[in-house]
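# Sequence first, then the predicted structure, then my questions.
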Amino acid sequence: MRKRKKEDRRKKWIRLHPWVRLMSLARRRCGTGNGSKRWHKFYRDKGIKCHITAGQIKEIWIRDDAENMKLPSLDRKDSRFDYTNWNCRILEFNENAMIATNLRLAKIAARKQSDTTA
């Protein structure tokens, strides 16, 4: 019974503070949280660091009206730079995934074009 109450309190707290989940995910990717090693080659090994606090993510959450999104996702505007309050925005997950896919396709097309001209 105690365990169930604790889980209910945790779910309620996360529902009231949804931006904390985004911070936790960003820290995990950068290897500064309880992270998974599968993200290291994309983030930590490239030197990407998480310099953003829960309070700053809350400000971005409010600014970008993330409350009205189905599945908000923290995005770095310029992927070469760290997670900072000036380099982050919150997008709908599907929109964020589409941007990443388009960037990958553009890189592949550029590679193919350079291979054919060389």
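Yep, it's here. The model shown is predicted, which means the values in this text are computed figures rather than measured ones.
# From here on, just use CA atoms for contacts and neighbour counts.
OK.
# distance of the spatially most central residue of the chain from Arg10?
By C-alpha atoms, centre = their mean, the chain has its centre lying nearest to Leu74, at 3.7 Å. According to C-alpha to C-alpha, to the nearest Å, Leu74 and Arg10 sit 22 Å apart.
# Over to Cys30?
24 Å.
# Neighbour count: the two, which is higher?
Neighbour tally, Cys30 and Arg10, criterion other C-alpha atoms under 10 Å: the higher count belongs to Cys30, 25 against 12.
# Phi and psi next, for that one.
Note on Cys30: backbone dihedrals following degrees, to the nearest 10 are phi -80, psi -10.
# Over to Pro72?
phi -70, psi 150.
# Against Ala110, how distant is it?
Distance, Pro72 to Ala110, using C-alpha to C-alpha: 31 Å.
# mind listing the helices for the protein?
2-16, 19-30, 54-63, 93-117 (DSSP state H).
# looking at the ones you listed, which is closest to Arg44?
helix 19-30 (4.8 Å; C-alpha to C-alpha).
# what about that closest one, average pLDDT?
If you average the pLDDT over helix 19-30, you get 86.
# what's it packed up against?
helix 54-63, strand 72-76 (3 or more C-alpha pairs under 8 Å, 6 or more residues apart in numbering; DSSP states H and E).
# Check the offset of it from the chain's centre.
7 Å (C-alpha atoms, centre = their mean, to the nearest Å).
# cool, stretch 49-61 as well?
Stretch 49-61 has its C-alpha centroid displaced from the chain centroid by 11 Å (C-alpha atoms, centre = their mean).
# got it, and stretch 96-105?
In terms of C-alpha atoms, centre = their mean, the centre of stretch 96-105 is set 14 Å apart from its chain centre.
# Asp75 against Glu92, yeah?
No - taking C-alpha atoms under 8 Å as the definition, Asp75 is not a contact partner of Glu92, at 9.5 Å.
# Look at these two and report which has more neighbours.
Each of Asp75 and Glu92 has its neighbours counted (other C-alpha under 10 Å); Asp75 has more, 19 against 16.
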